[in-house]
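# My questions concern the predicted model and sequence given below.
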Amino acid sequence: MKTLLTIICFLHIGFLFAQPRSFDVCSNCEISNLSRALELASKHDTIILKPGTYKEYNVIIDKPITIIGEGEAVIDGESKGEVLKVVSDSVHLEGFKIINVGTSYTSDYAAIRIAKTKHFKIYNVRLEKLFFGIYLENAEHGEVIGNTIIGDAVEEFNSGNGIQLWYCKNVKVIDNRVEQVRDGIYLEFSDNIEIENNISSHNVRYGLHFMFSNNDSYRGNTFENNGAGVAVMFSKHINMSGNTFKKNWGTASFGLLLKEINDAEIIGNTFQENTIGISIEGSNRIEYRNNEFISNGWALKVRGACYTNTFTDNNFLYNSFDISYNSKINDNIFEQNYWSNYSGYDLDKDGIGDVPYRPVKLFSYIVNRTPETIVLLRSLFMDIIDFSEKVSPVFTPDNLLDPKPRMKRLL
Amino acid sequence: MLKILKYSFYDLVRSRWSYVYLLFYLALGFTLLFLNNDLSKAVITLMNIIIVLVPLIGTIFGVMYYYNSREFTELLIAQPIKRSSIFLGQYLGVAGSLSLSLVLGLGIPFILYGLFKSAAIWDFVLLLYTGAFLTFIFTALSLNIAIYNENRIKGFGYAILMWLFFAVLYDGIFLLSLIIFEDYPLDTFSLTATLLNPIDLSRTLILLKLDISALLGYTGAVFKSFFGTYLGFGISLMMLVVWTLIPVSTYLRKARKKDF
């Protein structure tokens, strides 16, 4: 009796924890397409896509399943619509390639859409010729790691975003490469998102774009040659550290745009060769520390309504203008930065210059007023009137100064 | 012509002033690099010096040389030599020796501090290129002033005034007119005004290398095509040549007709 019971028990356990099955999909296998494999598979099974091209679109993944691509496994959407739509929790997608996502002006077709699910994983997927890349809506606790997204966007109105997060929570976006889409990575109403070590370049609009998203962080990313760099708007408690913003050139182009941002930290970033390093508007209580501003047109452009920000221990190196400021009231603190344009002395040898540095030049005020005057940059006449303004400030805020400029560059 | 060029060139190269000029640039280059090992920063500092100082030196040397060698010139004119060879030879001698001092004086310290391994090499070459052209342009302009004015004091005065005009006053007038007419589209005007002053022209050339990110901040199609492409670079380089040829030709024409 006891033995029988044990056997029955074991049988049941064996049934419950049935070995997850694995399905091979290839053009001359028993199962020749992904949709068929998904029909046959049950929960927690694995589907292996063998090398080859699978012409499929509007594939809905509604059970927890793992899909792994081997070699050159390509899913071709034939530009007809969405390719994969995940509506189940715990789906794992890895190692295949999706091309030809449909373009539509009424619905946002994506190569991979994750809708209202949790615990998803998207690893090492390659997306090409796409409209939207990875679209996460109402998704939580997921990981998007090591993917490559290469679009062919030219205009803003008919292109989509590389990785889009909409009402998401606790998602990790790590080591991805996004090129030539509208916004490389786009966040809207998404909280607690970690964005690390991604490379976002040559995008039509922004490399990274935040809207109404709080408590997020992005670290160690590189944003290069994008239409306008990175835009962070209407968000709170964002941590931005160790990123590189490079070569965002053009009219109204910038490395980083802050608009209505409160209580953020901007630490250890590098801003190099941008038309504007950081453009700041209506942002309060932000800490700027240990950043490097190298060879930008304007390192900082402060446009107004910015209060109680602190700028300490930053390096300002060879920028055409260090700061442009459009009001006469200053409530921000600049202290212990290194300014390559500083020409003071240090008699007591404590590493801190004895005369304060005034980072706002009269010329930057003139250029704000009459932009064509930019052609007079570095002319002797401008140097002379800048010098007279430095001695007795009339047009620039007289309390905007670094009282303790460093003599040596911070390393 | 070559003989006269050779003579005035050697005469100037061996003169005390050439050595002083060469030593000045050597000292400047070495001090800059000694205080700050960063080549690209040194190039920026040098640019500020070169676009002001080189025209000044060119102007003064040109006037000085003309007045000093006047008797010798008269002697040469009495010989069966073409006038244009005499004057062109002298001009090339002065401008050539000054440019040589500039190139050697700045080149030696920069090469010793590892110019060839640095990314700043093209910026530096551009700097020497504009420096040499400024020497040629301002020497020619000052020789013009000297040949039109028999009175030395007057000649010197006009020459210094010309330098002051191009180096400082021109930009002041330029800035004022930009601010006064700020309601009108000014991008074509401002670019043309830049091309009409050799110092501004050289400054723009170097800006195109160093401050391109700031220049592109202004919204304007003309600006964008000028600064954003090689068009601006090409036009500026060509204008420097034009700026050299015009004063040289007026100088030679006056020299041919002048009654000594």
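Arrived safely, thanks for sending. Owing to the predicted nature of the structure, the values given are computational and were not obtained by experimental measurement.
# OK, contacts around A:Asn248?
Residues in contact with A:Asn248 (Cβ atoms under 8 Å, 6 or more residues apart in numbering or on different chains) are A:207, A:223-229, A:254-255, A:274-275. Where C-beta positions appear, they are placed from N, C-alpha and C, glycine not excepted.
# Serialize these to TSV and add fields for distance to chain B and secondary structure.
Converted to TSV, the contacts of A:Asn248 look like this (distance: Cβ to the nearest Cβ, whole Å; DSSP: H, G, I helix; E, B strand; the rest coil):
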residue	distance to chain B	secondary structure
A:Gly207	17	coil
A:Phe223	15	strand
A:Glu224	13	strand
A:Asn225	12	coil
A:Asn226	14	coil
A:Gly227	13	coil
A:Ala228	12	coil
A:Gly229	12	coil
A:Phe254	9	coil
A:Gly255	10	coil
A:Asn274	6	coil
A:Thr275	5	coil
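# what's the domain layout of chain A?
A:22-212, A:228-360+A:396-411 (automatic domain parsing).
# Could you give the bridge partners of A:Ile280?
A:Leu258, A:Val302 (DSSP bridges).
# ok, back up a step: pull out the buried members of the contacts of A:Asn248.
Among the contacts of A:Asn248, those classed as buried by 16 or more other Cβ atoms under 10 Å in any protein chain shown are A:207, A:223-224, A:226-229, A:254-255, A:274-275.
# picking up where we left off before, what would the domains of chain A look like in JSON lines with mean pLDDT and distance to B:Leu39?
Below are these laid out as JSON lines (pLDDT from 0 to 100; distance: least, Cβ to Cβ, whole Å):
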{"stretch": "domain A:22-212", "mean pLDDT": "92", "distance to B:Leu39": "28"}
{"stretch": "domain A:228-360+A:396-411", "mean pLDDT": "91", "distance to B:Leu39": "12"}
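# Turn those into TSV, columns for distance to B:Phe61.
Shown next, in TSV, are the domains of chain A (distance: least, Cβ to Cβ, whole Å):
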stretch	distance to B:Phe61
domain A:22-212	51
domain A:228-360+A:396-411	30
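# For A:Val375, find the nearest of those.
Set against A:Val375 and scored by Cβ to Cβ, these come closest in domain A:228-360+A:396-411, at 12.3 Å.
# Please list all residues in contact with residue 143.
Going with chain A. A:120-123, A:171-172, A:174.
# You answered for a different chain; I wanted chain B.
B:62-63, B:66, B:91, B:94, B:247, B:251.
# do B:Phe61 as well
B:17, B:94, B:98, B:139, B:142.
# Which members of these are positioned in helices?
Assigned to helices by DSSP state H, the following of the contacts of B:Phe61 qualify: B:17, B:94, B:98, B:139, B:142.
# So which of those is the closest to chain A?
B:Ser142 (18.9 Å; Cβ to the nearest Cβ).
# tell me, how many neighbours does the closest one end up with?
For B:Ser142, the neighbour count with other Cβ atoms under 10 Å in any protein chain shown is 30.
# Next: A:Arg369.
Neighbours around A:Arg369, by other Cβ under 10 Å: 12.
# Please, where are all the helices along the chain?
Let's take chain A. Under DSSP H, chain A gives helices at A:2-16, A:34-40, A:362-369, A:380-391.
# you looked at the wrong chain, it should be chain B
Using DSSP H, helices in chain B cover B:2-13, B:16-35, B:39-68, B:70-77, B:83-112, B:121-148, B:152-164, B:170-180, B:187-195, B:198-210, B:212-215, B:221-228, B:230-257.
# would you turn the ones you listed into a markdown table with mean pLDDT and distance to A:Glu372?
Formatted as a markdown table, the helices of chain B follow (pLDDT from 0 to 100; distance: least, Cβ to Cβ, whole Å):
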| stretch | mean pLDDT | distance to A:Glu372 |
| --- | --- | --- |
| helix B:2-13 | 77 | 42 |
| helix B:16-35 | 87 | 32 |
| helix B:39-68 | 87 | 20 |
| helix B:70-77 | 86 | 46 |
| helix B:83-112 | 89 | 32 |
| helix B:121-148 | 91 | 23 |
| helix B:152-164 | 94 | 24 |
| helix B:170-180 | 92 | 6 |
| helix B:187-195 | 87 | 5 |
| helix B:198-210 | 84 | 13 |
| helix B:212-215 | 70 | 11 |
| helix B:221-228 | 74 | 8 |
| helix B:230-257 | 90 | 15 |
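# Quick one: closest of the ones you listed to A:Met382.
helix B:170-180 (7.0 Å).
# Can you give me the neighbour number for the closest residue to B:Leu191 other than its chain neighbours?
Once flanking residues are discounted, B:Leu191 sits nearest to B:Phe226: 5.8 Å by Cβ to Cβ, 6 or more residues apart in numbering or on different chains. Neighbours of B:Phe226 under the rule other Cβ under 10 Å: 23.
# Please look at B:Phe226 and B:Thr192 and confirm they touch.
No - B:Phe226 is beyond contact range of B:Thr192, at 10.7 Å (criterion: Cβ atoms under 8 Å).
# Would you check how far apart the residue of chain B most remote from its centre and A:Glu372 are?
Farthest-out residue of chain B from its mean C-alpha position, per Cα atoms, centre = their mean: B:Asp183, at 34.1 Å. Using Cβ to Cβ, to the nearest Å, one gets 12 Å for the distance from B:Asp183 to A:Glu372.
# cool, A:Leu410 as well?
In terms of Cβ to Cβ, A:Leu410 sits 36 Å off from A:Glu372.
# cool, and A:Asn198?
38 Å.
# between the two, who's got more neighbours?
Legend: neighbour count by other Cβ under 10 Å for A:Asn198 and A:Glu372, higher for A:Asn198 (28 against 23).
# Relative to A:Asp152, how far out is the residue in the stretch 101-250 of chain A positioned nearest to chain B?
Closest residue of the stretch 101-250 of chain A to chain B, Cβ to the nearest Cβ: A:Trp249 (5.3 Å). Taking Cβ to Cβ as the measure, A:Trp249 falls 21 Å from A:Asp152.
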